[in-house]
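> Have a look; sequence and predicted model below, questions after that.
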Amino acid sequence: MQAPSVQYTFDELADPLREVTFVVVDLETTGGSNKTEAITEIGAVKVRGGEEIGEFATLIDPGRAIPAYITVLTGITDAMVMRAPRIEAVLPGFLEFIHGCVLVAHNAGFDVGFLKAACARHGLVWPAPPVVDTVRLARRVLSRDEAPSVRLGAIAPLLGARVAPDHRALTDAKATVDVLHALLERVGPLGVQSLTELQQVVRDVSPERRRKRHLAEHLPAVPGVYLFLGPAEEVLYVGTATDLRSRVRSYFSAAETRRRIRHMVTLAERVDHVRCAHPLEANIREQRLIAAHTPKYNRRSKYPDKATWITLTDEAFPRLSLVTAPRRADGVFLGPFRSRVTAALALDALHGVLRLRRCSPRIRRTGANGTPCALADLGRCGAPCSGAESAGDYAAHVRTFTDLVDGSTAV
């Protein structure tokens, strides 16, 4: 893996690793299945910012004999657990110890599986904390030439752990703390500075995609439209975001699971953007850019002729209307919308905030003598049909719509 050209500052991250409290846990058990076997020992170390801030360690009476081969492996005998507490007495304190923390374990599926099963048996709710598995992290960071095996006994000395694992819970937890810190030192220069980025490292994200995170570095954290551009400056994909930088960065993480979009990212050479005053303007600009460029990776590019637009009728007292092809030279129209149903919903929303009339009869600029409808009584229309509102007054409502289209007002 190669470092991106720019790393983000801690101020730009939602969950910087220096502020995350980890609880590194290890269990000893009577066997390998959490359905039939029981926990004999819990060892856990709480660390934050590279410093140890707490420990939790106890033997546990499993309520059955410990198999001889387990005693040989761990050194834990029946006599040692005879006076130890049962798991139902230990779990509440352990759950309190890990509250609000990120759980870390070497082969986390094993330890978390036993803890969840124990909670289920005794009517306790497993809090489902975020989990980091140092086995999976090691496999993403270390090559097989460097680490043929990622067993704790093999990887701890390789990474310079100060504690030698010995199949006792607290000792192995302390060794895993050193392994975790060593692995964090390895991924730090690769741009991994937050918990989110750490979790993404162990997921299926290709190094090629992760390396392109720097393409989002210049983007502002504001609403807008982003455009992925290919080697020939062709538009590959257009999208909108309320936070441009955060949204575009997600394309280089495990959060992006769409196959065609992952392929698009591998082709992208640059990300351009357009700042927008509000999300509605961003949606409008997105639709127009898609219609103009028909990007290969936007599904909406496949059916450009099926778009619907909202525009003003050409009248003295204009109304909003749905059309399939906007022809106004002034560019005062919203869209395109993917379907007429979506456009109709947007039209209803606009009618809810604008005092533009909805009736269809044409109204002369002078001499209006119609009868106001119920919308006028509700204050939703100025009733230009009855002469209650002059052309000049009505023009203010039209301007509100045009300002909304060009982004100069948010209504």
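Structure received.
> show me where the stretch 201-350 of the chain has strands.
Listed in chain order, the strands of the stretch 201-350 of the chain (DSSP state E, counting those that start in this stretch) span 224-229, 235-241, 270-275, 308-312, 320-323, 333-337.
> Could you list the paired strands of the longest one along with their orientation?
It stands for strand 235-241. If you go by DSSP bridges, strand 235-241 pairs up with strand 224-229 (antiparallel).
> starting at the chain centroid, how far to the partner strand?
Distance of strand 224-229 from its chain centroid, counting by C-alpha atoms, centre = their mean, to the nearest Å, is 18 Å.
> For residue 260, find the nearest of the strands of the stretch 201-350 of the chain.
Residue 260 lies closest to strand 235-241 among the strands of the stretch 201-350 of the chain, at 9.3 Å (C-beta to C-beta). (Each C-beta comes from the backbone N, C-alpha and C, glycine too.)
> angle of the closest one against strand 270-275?
40 degrees (axes from the mean of the first three to the mean of the last three C-alpha atoms, to 10 degrees).
> Contacts for strand 235-241, please.
223-230, 247-248, 261, 264, 267-268, 276, 279, 282-283, 285-286, 289-290, 293, 295-298 (C-beta atoms under 8 Å, 6 or more residues apart in numbering).
> Which of those fall in helices?
Mapping the contacts of strand 235-241 onto helices (DSSP state H) picks out 247-248, 261, 264, 267, 279, 282-283, 285-286, 289-290, 293.
> Is it possible to get the strands of the stretch 201-350 of the chain out as TSV so that each row also shows mean neighbour count and distance to residue 51?
TSV is the format used below for the strands of the stretch 201-350 of the chain (neighbours: other C-beta atoms under 10 Å; distance: least, C-beta to C-beta, whole Å):
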stretch	mean neighbour count	distance to residue 51
strand 224-229	22	40
strand 235-241	23	37
strand 270-275	17	39
strand 308-312	22	59
strand 320-323	16	62
strand 333-337	23	55
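> can you list these in a markdown table and add distance to residue 392?
Formatted as a markdown table, these follow (distance: least, C-beta to C-beta, whole Å):
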| stretch | distance to residue 392 |
| --- | --- |
| strand 224-229 | 35 |
| strand 235-241 | 36 |
| strand 270-275 | 33 |
| strand 308-312 | 17 |
| strand 320-323 | 20 |
| strand 333-337 | 23 |
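> can I get those in CSV with distance to residue 363 and mean pLDDT?
Converted to CSV, the strands of the stretch 201-350 of the chain look like this (distance: least, C-beta to C-beta, whole Å; pLDDT from 0 to 100):
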stretch, distance to residue 363, mean pLDDT
strand 224-229, 37, 95
strand 235-241, 37, 93
strand 270-275, 37, 95
strand 308-312, 14, 83
strand 320-323, 15, 85
strand 333-337, 22, 73
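> Quick one: closest of the ones you listed to residue 123.
strand 235-241 (43.8 Å).
> Would you mind writing the CA trace of the closest one as CSV?
The C-alpha coordinates for strand 235-241 follow below in CSV (Å, rounded to 0.1, in the frame of the first residue of the first chain):
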residue,chain,number,x,y,z
VAL,A,235,-17.1,13.2,-17.1
LEU,A,236,-17.4,9.7,-15.6
TYR,A,237,-20.0,10.4,-12.9
VAL,A,238,-21.9,13.3,-11.4
GLY,A,239,-23.4,13.4,-7.9
THR,A,240,-24.6,15.8,-5.2
ALA,A,241,-23.6,16.2,-1.5
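> what's the angle between it and helix 279-293?
170 degrees.
> now strand 235-241: how far from the chain's centre is it?
18 Å.
> Also stretch 260-275?
Here stretch 260-275 is found 18 Å from its chain centre; the criterion is C-alpha atoms, centre = their mean.
> what's in contact with it?
206, 208-209, 212, 215-216, 219-220, 222-231, 233, 236-237, 244, 248, 251-252, 256, 282, 285, 289, 296-297.
> filter those to the buried ones?
Taking 16 or more other C-beta atoms under 10 Å as the criterion, what is buried in the contacts of stretch 260-275 is 209, 212, 215-216, 219, 223-230, 236-237, 244, 248, 251-252, 282, 285, 289, 297.
> domain parsing for the chain?
Split into domains by automatic domain parsing, the chain comes to 10-197, 207-302, 305-406.
> where among the ones you listed is the average confidence lowest?
Ranked by mean pLDDT, those end with domain 305-406 in last place, scoring a mean of 76.
> Three-state assignment for residue 185, please.
When classified by DSSP: H, G, I helix; E, B strand; the rest coil, residue 185 comes out as helix.
> and of the strands of the stretch 201-350 of the chain, who's closest to residue 129?
Among these, strand 235-241 sits nearest to residue 129 (C-beta to C-beta), with 29.3 Å.
> one step back: mind checking the strands of the stretch 201-350 of the chain for the one nearest to residue 114?
Smallest distance to residue 114 across the strands of the stretch 201-350 of the chain (C-beta to C-beta): 41.6 Å, for strand 235-241.
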